[in-house]
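> Below are the sequence and a predicted model for it; my questions follow.
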Amino acid sequence: MDGEVADIKKWVVIYPVYLNSKKTIAEGRRISVSKACENPNCVEIGDCCNHLKIPYAIEIDKAYPRDFMQRGRVRVKLRREDGTFYNPAISSRKQLMLHVAELVPRHPGRTKKQEPASTSSTAGPSKSGKGGKKKR
């Protein structure tokens, strides 16, 4: 058990904030807004790593240092013990982040949350007639 924990400590860390299009670079985003996805979470990132056939471990109790309310991170192992990559298309953490950000919006757990919000076509009572000052 101790050797396994020491091994996980050497894996690449991916915080969901790295892929979040709602965050700025100063807040921790690491890829461009056009390639980032909206509000990813650890489970979605882990499922994407599973889809890419890359071993991963989700650490729910960990927090991002710049925003400690953002809980969770994913540790990913890019290389085997002999130095070859688990997925030859992914050879760096940047490529991993780009691939995962591309897959997260297509995650089966994602639903269209924006559509029901557009029911406010009648915003309020509309006044008819002239506006302005009344004459005395």
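Yep, that arrived.

> Could you use CA atoms for every contact and neighbour count after this?
Will do.

> Can you report phi and psi for the residue positioned nearest the centre of the chain?
Central residue of the chain (CA atoms, centre = their mean): Pro40, 2.6 Å from the mean position. With angles defined as degrees, to the nearest 10, Pro40 sits at phi -70, psi 160.

> State the number of residues packed around the residue nearest to it when sequence neighbours are not counted.
Spatial nearest neighbour of Pro40, excluding adjacent residues (CA to CA, 6 or more residues apart in numbering): Pro16 at 5.7 Å. Residues near Pro16, counting by other CA atoms under 10 Å, number 26.

> Contacts only, for Pro16.
39-42, 45, 72-73 (CA atoms under 8 Å, 6 or more residues apart in numbering).

> and with 7 Å instead?
The contact partners of Pro16, by CA atoms under 7 Å, 6 or more residues apart in numbering, come to 40-42, 73.

> which residues in the protein form strands?
For the chain, the strands defined by DSSP state E occupy 12-14, 56-64, 67-76.

> As CSV, these with mean pLDDT would be great.
Output for the strands of the chain, formatted as CSV (pLDDT from 0 to 100):
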stretch, mean pLDDT
strand 12-14, 94
strand 56-64, 93
strand 67-76, 91
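
> Could you provide those strands in JSON lines, with additional columns for mean neighbour count and distance to Ser21?
Listed next are the strands of the chain as JSON lines, based on neighbours: other CA atoms under 10 Å; distance: least, CA to CA, whole Å:
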{"stretch": "strand 12-14", "mean neighbour count": "18", "distance to Ser21": "15"}
{"stretch": "strand 56-64", "mean neighbour count": "15", "distance to Ser21": "16"}
{"stretch": "strand 67-76", "mean neighbour count": "17", "distance to Ser21": "15"}
